[in-house]
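J.: fold the stuff below for me.
(chains A and B)
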Amino acid sequence: MNSSSTLINALFIFVLAGFIGFEVIRRVSPLLHTPLMSLTNALDAIAVVGAILLVGEHKSQLSAIFGFIAVVAAASNIVGGFLITDRMLKMFKSSRPAAKTAAK
Amino acid sequence: MSPDLAGGQVVIELLYLVASVLFILSLKWMSSPTTARHGIWAGEVGMVLAICGTLLHHGIIDYKLIAIALVLGTIIGVPLGRVAMTAVPQRTALSHAFGALCVTLVGSAEFYLRSPGISRFGTAPCPQP
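T.: Predicted structure coming up:
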């Protein structure tokens, strides 16, 4: 595959992914904005995939060191991001039944 | 993507596809309080699938270093997931900086590895070993 058709394919993916992202995020309830921020934070650590490849293939010393730091940073994001989002939602759960009974 | 995908390569690409779908569902479910928990599960499963798929790449020779890095990241990540609720905005900002660091390092390293044979508009290809 030549480089210009790869570029066009990448542009297609980029633009369509942009629309998906916009549509998915558009109607989020304001209550969930903070958990959503932490969740996207955890999900954007998907760059760990590229970092793991860099470390695992060990093509050069420099790329392996860069990859190692990148894996550490991304793994801390994954673990921390999911943990804190989970904690936030647990707080919502405990407060929602109380709000319901108050409304009744 | 090369047209002649080997057997193992197909499995990896399919795992990536499932992971992408789970990530989109994860964000979608996050938009309403009743389904928000499912959103976290979908995100976690997707992340595990993506990491497993990557570890299946036949080009990977150094599993020990990957394991060390993942464990080190977990050790840093657990305290970051247990901060006080009032410190969450700062934590999220710092975590976004980590994400940016990761992406920058991956991009720089890939450019460094490919720089001898790269054309002016050839910087787009994703790592496809």
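J.: got any ranges where the chain has weak pLDDT?
T.: Reading this off chain A. Along chain A, the model assigns pLDDT under 70 to residues A:1-2, A:93-104.
J.: my bad, the chain I had in mind was chain B
T.: B:1-5, B:118-129.
J.: report back the residue of it that's furthest from centre.
T.: Going by CA atoms, centre = their mean, the residue of chain B most distant from its centre is B:Thr86, 27.8 Å out.
J.: tell me who's in contact with the residue nearest the centre of chain A.
T.: Centroid check for chain A by CA atoms, centre = their mean gives A:Leu43 as the closest residue, at 1.5 Å. Taking CB atoms under 8 Å, 6 or more residues apart in numbering or on different chains, we find A:Leu43 in contact with A:Gly81, B:Phe23, B:Ser26, B:Leu27, B:Gly43, B:Gly46, B:Met47. In this view, the C-beta of every residue, glycine as well, is placed from N, C-alpha and C.
J.: from those residues, list the buried ones, please.
T.: Buried members of these, counted by 16 or more other CB atoms under 10 Å in any protein chain shown: A:Gly81, B:Phe23, B:Ser26, B:Leu27, B:Gly43, B:Gly46, B:Met47.
J.: what's the one helix or strand the third one maps to packed up against?
T.: When you say that, I think you mean B:Ser26. Assigned by DSSP states H and E, B:Ser26 belongs to helix B:7-29. Contacts defined by 3 or more CB pairs under 8 Å, 6 or more residues apart in numbering or on different chains; DSSP states H and E place helix B:7-29 against helix A:3-26, helix A:33-43, helix B:36-55.
J.: which of the residues in the shortest one are buried?
T.: If I follow you right, that is helix A:33-43. Buried residues in helix A:33-43, counted by 16+ other CB under 10 Å: A:Thr34, A:Pro35, A:Leu36, A:Met37, A:Ser38, A:Leu39, A:Thr40, A:Asn41, A:Ala42, A:Leu43.
J.: roughly how far out does it sit from the chain middle?
T.: 7 Å (CA atoms, centre = their mean, to the nearest Å).
J.: tell me what angle it forms with helix A:3-26.
T.: In terms of direction (axes from the mean of the first three to the mean of the last three CA atoms, to 10 degrees), helix A:33-43 departs from helix A:3-26 by 150 degrees.
J.: near chain B at all, the next helix-or-strand element following helix A:33-43?
T.: With elements assigned by DSSP H and E, the helix or strand that comes after helix A:33-43 is helix A:48-57. Yes. For helix A:48-57, a contact with chain B is found by CB under 8 Å from any CB of the partner chain, at A:Val48, A:Val49, A:Gly50, A:Ala51, A:Ile52, A:Leu53, A:Leu54, A:Val55, A:Gly56, A:Glu57.
J.: residues contacting helix A:48-57, please?
T.: By CB under 8 Å, 6+ apart, the list of residues contacting helix A:48-57 reads A:63-64, A:66-68, A:70-71, A:74-75, A:78, B:50-51, B:53-55, B:57, B:59-63, B:65-66, B:69, B:102, B:105-106, B:109-110, B:127, B:129.
J.: the next helix or strand after it vs helix A:33-43, what angle?
T.: Downstream of helix A:48-57, the next assigned helix or strand under DSSP H and E is helix A:61-103. Between helix A:61-103 and helix A:33-43, the angle comes out at 150 degrees (the same axes, to 10 degrees).
J.: in terms of secondary structure, what does helix A:61-103 contact?
T.: In this structure, helix A:61-103 packs against helix A:33-43, helix A:48-57, helix B:36-55, helix B:63-80, helix B:88-114, with contacts taken as 3+ CB pairs under 8 Å, 6+ apart.
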